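Colleague: Show me the folded form of this:
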Amino acid sequence: MTSNPVSTSSVDKIAIDDIDGLPTALLDAIPNPVLVKDEETRYVWVNAAFETLFEVRRQDLVGELDADLFPDRQAAQCNGGDLRVLATGEVDEAEETVVDPTLGDRITITRKSRLTVDGKNYLVGVMHDITDVTEANRQLAVVNRKLDEQAVELARLASTDPLTGCLNRRALFTQVNKLPSDRQVGVIVLDLDHFKSINDQYGHDTGDTVLSNFATMIRKILRTDEIFARTGGEEFVIVLPGASLDQTRQLAQRICTAVSSNPMTVGEQTLRVTVSAGATYGTSLDEAPIGDLVNDADTLLYKAKEGGRNRAVTV
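Modeller: Just a heads-up that it's a prediction; the model follows:
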């Protein structure tokens, strides 16, 4: 910032090399900008670092207010808290943005305190340039945010089946173990019918598309609190927290009906896909651990296969 020529005819200047005995030579050697104001917040003295930062001459500042020297925004920042510090003696610290003619915008912390010398109160401000620290902190925050995002993504990849977006088998059991152990739970095991023949006839790319489309269809049927995982090639497990036996049976049958009623278009092929289901229920995870329930549902699934497929068998 630049200053305007200053008229000081109505102001008694204090010698710039001696402020009532203040050690100005020592203050002038400090690399931090230092300012001294009187009780009316008029400048009494600034050191060389202040002159350099604001491109001003100290002799032009003496007797002037910030409003006389700097743009309104800068003056408001510079003058903030001055009267309160002088009146109460409280120390004030404030962040300010100043313009260095060489380095551009600089972020500073200005610490203002009251100094009493021979019965006169002065405001002494010392400015600390924190631009580099602020920028380093900003960059660190960006890095930390990216690391957090990467950690979330790695956790997602570690718990997600990459083809269908479902939970994998490990994540299924992790999610179920977070449920209250005394809560009733329904379990459905699903297996696409004749899936090997789809791969053999149309190729594995088509088979992958069928699996992905199937998972998308099921997710549209399920509630957000219901746990859906791919546990094998064409095998999926659904866990229904809080579901009754009837609700579990109904959902298993609804899924079988929905899949068989909605042929899948894959490329130029229209495929009629069906699914078999085994469904069971536990009054609590304490009495029926999730592993046991999955095994029971899997046994029922094979009964559905043996019974002709495209059906649900429940307890």
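Colleague: how about the nearest residue to residue 40, chain neighbours excluded?
Modeller: Leaving aside its sequence neighbours, residue 40 sits nearest to residue 65 (CB to CB, 6 or more residues apart in numbering; 8.0 Å). C-beta here means a position set from N, CA and C on the backbone, and glycine is covered the same way.
Colleague: Next one: the closest residue to residue 51 other than its chain neighbours from residue 127, what distance?
Modeller: The shortest distance from residue 51 to any non-neighbouring residue, by CB to CB, 6+ apart, is to residue 58 (5.8 Å). Here residue 58 is placed at a distance of 15 Å from residue 127 (CB to CB, to the nearest Å).
Colleague: Kindly provide the distance from the residue nearest to residue 40 to residue 160.
Modeller: Here residue 65 is placed at a distance of 64 Å from residue 160 (CB to CB).
Colleague: Same question for residue 48.
Modeller: Residue 48 sits at a distance of 62 Å from residue 160 (criterion: CB to CB).
Colleague: returning to that earlier point: who's more crowded, residue 58 and residue 127?
Modeller: The residue with more neighbours, out of residue 58 and residue 127, is residue 127; 21 against 18, by other CB atoms under 10 Å.
Colleague: That one and residue 32 touch, don't they?
Modeller: Yes. Using CB atoms under 8 Å, residue 127 is in contact with residue 32, at 5.8 Å.
Colleague: that older thread, looking at the residue nearest to residue 51 now. What's its pLDDT?
Modeller: pLDDT, residue 58: 87.
Colleague: residues contacting it?
Modeller: 16, 45, 46, 47, 50, 51 (CB atoms under 8 Å, 6 or more residues apart in numbering).
Colleague: And for residue 85?
Modeller: 91, 92, 112, 113, 114, 123.
Colleague: Would you agree it falls within a strand?
Modeller: No. Under DSSP: H, G, I helix; E, B strand; the rest coil, residue 85 sits outside any strand and is assigned helix.
Colleague: From residue 50, how far out is it?
Modeller: Computed as CB to CB, the residue 85 to residue 50 distance reads 18 Å.
Colleague: Then residue 216?
Modeller: Distance from residue 216 to residue 50, by CB to CB: 66 Å.
Colleague: which one of the two has more residues nearby?
Modeller: residue 50 (24 against 12).
Colleague: Would you confirm that that one contacts residue 36?
Modeller: No. The pair residue 50 / residue 36 is not scored as a contact, 9.8 Å apart, by CB under 8 Å.
Colleague: Give the residues shared as contacts by those two.
Modeller: What both residue 50 and residue 36 touch, as defined by CB under 8 Å, 6+ apart, is an empty set.
Colleague: Angles on the backbone of the spatially closest residue to residue 42 that is not a sequence neighbour, please.
Modeller: The shortest distance from residue 42 to any non-neighbouring residue, by CB to CB, 6+ apart, is to residue 63 (5.3 Å). Dihedral pair for residue 63: phi 90, psi 0, per degrees, to the nearest 10.
Colleague: For the protein, give me the ranges with low pLDDT.
Modeller: Scanning the chain for pLDDT under 70 picks out 1-23, 73-80, 99-104.
Colleague: Would you tell me which strand is longest in it?
Modeller: strand 104-117 (DSSP state E).
Colleague: what packs against the next helix or strand after it?
Modeller: The C-terminal neighbour of strand 104-117 among helices and strands, as given by DSSP states H and E, is strand 120-129. Counting contacts by 3 or more CB pairs under 8 Å, 6 or more residues apart in numbering; DSSP states H and E, strand 120-129 packs against strand 34-37, helix 82-88, strand 104-117.
Colleague: what angle separates strand 120-129 from strand 104-117?
Modeller: Angle of strand 120-129 versus strand 104-117, following axes from the mean of the first three to the mean of the last three CA atoms, to 10 degrees, is 150 degrees.
Colleague: Can I get stretch 52-65 as PDB, trimmed to CA atoms?
Modeller: C-alpha atoms of stretch 52-65 as PDB (Å, rounded to 0.1, in the frame of the first residue of the first chain):
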ATOM      1  CA  THR A  52       9.000  -2.000   3.400                       C
ATOM      2  CA  LEU A  53       5.700  -4.000   3.600                       C
ATOM      3  CA  PHE A  54       3.400  -1.000   3.100                       C
ATOM      4  CA  GLU A  55       5.800   1.100   0.900                       C
ATOM      5  CA  VAL A  56       5.500   4.000   3.200                       C
ATOM      6  CA  ARG A  57       8.000   6.300   5.000                       C
ATOM      7  CA  ARG A  58       7.700   6.500   8.700                       C
ATOM      8  CA  GLN A  59       8.000  10.300   8.800                       C
ATOM      9  CA  ASP A  60       4.900  10.500   6.500                       C
ATOM     10  CA  LEU A  61       2.900   8.400   8.900                       C
ATOM     11  CA  VAL A  62       3.400  10.200  12.200                       C
ATOM     12  CA  GLY A  63       0.200  11.900  13.400                       C
ATOM     13  CA  GLU A  64      -1.900  10.100  10.800                       C
ATOM     14  CA  LEU A  65      -4.800   7.700  11.100                       C
END
